[in-house]
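Trainee: whatever this is, show me its structure:
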Amino acid sequence: MSDRLKLGLGLGAVVVGLIVAVAAAGFVHAAESEIVNELGNEMYTWAPRGWVWVLLGQVVSIGGVLLAMAGLTLAFVFDRPMTWARASIGAALFVGLMLIIFGLIPNQFLTLTQSTLEWTPQKTFVAVPQWLALNNELSVSYAALKDILLQGFVATMLIGIPVFMWWWQGYQKRRDEPKPQPVSSYGRPMRVED
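Mentor: This next block holds a predicted model:
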């Protein structure tokens with residue numbers, strides 16, 4: 001793929017991603033707003049209400065942001081000679097991605113579970129039968145489930161991101177190596193026709 005094509009595709013992805021992100025953010029704003037304002041007028045009658053629609057809009061919006069970040073990466077960083085400027089762009093995109101993964105997504109998950117779904121310690125998610133717990137009462141609350149899910153996500157990302165980065169560096173090295181030529185049983189290189 002030529003540099004000009006990568007630049008065009010990347011900038012196109014940035015434009016589409018930003019349009020999707022802004023449109024979905026507007027949808028989330030409408031879906032979260034009150035049905036009637038202070039003056040008694042109905043607002044955003046076209047927007048469906050409820051936490052499911054808000055969550056869907058947030059997911060689409062973050063998808064648009066990630067598409068724009070991928071477009072910037074394709075346009076300016078991916079498969080190009082590394083310079084200080086490109087390294088700075090790549091570092092800024094990586095920091096932004098880590099802020100989304102470790103800051104924004106956990107924050108929105110906690111906001112959803114604690115305020116909207118009310119996953120509190122008083123709500124029981126599962127109760128272990130007493131005969132399995134030596135006649136003791138043992139239960140897991142929704143608050144514990146929330147913490148288990150959140151820490152599972154963070155731990156998976158903390159392990160998965162370095163493993164992917166290690167694999168990607170090896171992929172770049174393997175891609176640059178010349179492909180081995182087939183050798184005949186006599187030790188001579190063979191000609192392979194496509």
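Trainee: from Asn41, how far off is the most centrally placed residue in the chain?
Mentor: Closest residue to the average C-alpha location of the chain: Ile101 at 6.2 Å, with CA atoms, centre = their mean. Distance, Ile101 to Asn41, using CB to CB, to the nearest Å: 40 Å. All C-beta atoms are positioned from the backbone trio N, CA, C, and that covers glycine.
Trainee: what does Ile100 give?
Mentor: For Ile100 relative to Asn41 (CB to CB), the value is 36 Å.
Trainee: spell out the residue ranges of the strands in the protein.
Mentor: Applying DSSP state E to the chain gives strands spanning 124-128, 138-141.
Trainee: just checking: what are the partner strands of the shortest one?
Mentor: It stands for strand 138-141. As defined by DSSP bridges, the strand partners of strand 138-141 come to strand 124-128 (antiparallel).
Trainee: how about the partner strand: buried residues?
Mentor: When burial is assessed from 16 or more other CB atoms under 10 Å, strand 124-128 yields no buried residues.
Trainee: and it, C-alpha only, in CSV?
Mentor: In CSV, the C-alpha atoms belonging to strand 124-128 read as follows (Å, rounded to 0.1, in the frame of the first residue of the first chain):
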residue,chain,number,x,y,z
THR,A,124,-27.5,-10.6,46.7
PHE,A,125,-26.2,-12.0,43.3
VAL,A,126,-25.9,-15.6,44.4
ALA,A,127,-26.4,-17.4,47.7
VAL,A,128,-24.4,-20.5,48.4
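Trainee: give me the contacts around that strand.
Mentor: Glu137, Leu138, Ser139, Val140, Ser141, Tyr142, Ala144, Leu145 (CB atoms under 8 Å, 6 or more residues apart in numbering).
Trainee: contact partners for Gly71?
Mentor: Taking CB under 8 Å, 6+ apart, one finds Leu9, Gly10, Leu11, Gly12, Ala13, Val14, Val15, Val16, Gly17 in contact with Gly71.
Trainee: understood, closing this out.
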